[in-house]
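K.L.:
Test case, fold it:
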Amino acid sequence: MQAQIIEMPDKQLPATKRTTIVLPAKVYELLEQRADMEGRATANLAAFVVEQYIRECYPEEFPNPYKRSTEA
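P.N.:
Numbering: from 1, shown residues only. A predicted model of the protein is given here:
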């Protein structure tokens, strides 16, 4: 699997990267159906699902900007 890197002038990490995944036919079919129901592209739904999973696994990397501070 090879990621495509989009170059940025200030040498920061790219905002997005591209990859390819292989899914079982039934999983793809259901993903496609769900994307159609939501009015979005299949790839967009797949990206959303993967991002949500990673955010769940690594919450310290993605702090909730809406979480209220417990400090008074």
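K.L.:
And the helices in the protein, which stretches?
P.N.:
For the chain, helices defined by DSSP state H occupy the ranges 25-38, 42-57.
K.L.:
nearest spatial neighbour of residue 55, skipping sequence neighbours?
P.N.:
Once flanking residues are discounted, residue 55 sits nearest to residue 62: 4.6 Å by C-beta to C-beta, 6 or more residues apart in numbering. For the C-beta atoms, the positions are set from N, CA and C on the backbone; glycine is no exception.
K.L.:
count of residues packed around the one you found?
P.N.:
Residues lying near residue 62 (other C-beta atoms under 10 Å) number 12.
K.L.:
shouldn't it be in contact with residue 52?
P.N.:
No. Counting by C-beta atoms under 8 Å, residue 62 does not reach residue 52; the two are 10.1 Å apart.
K.L.:
Now do the most centrally placed residue in the chain, the pLDDT please.
P.N.:
Computing the C-alpha centroid of the chain and ranking residues by C-alpha atoms, centre = their mean puts residue 51 first, at 2.8 Å. Here the pLDDT value assigned to residue 51 is 93.
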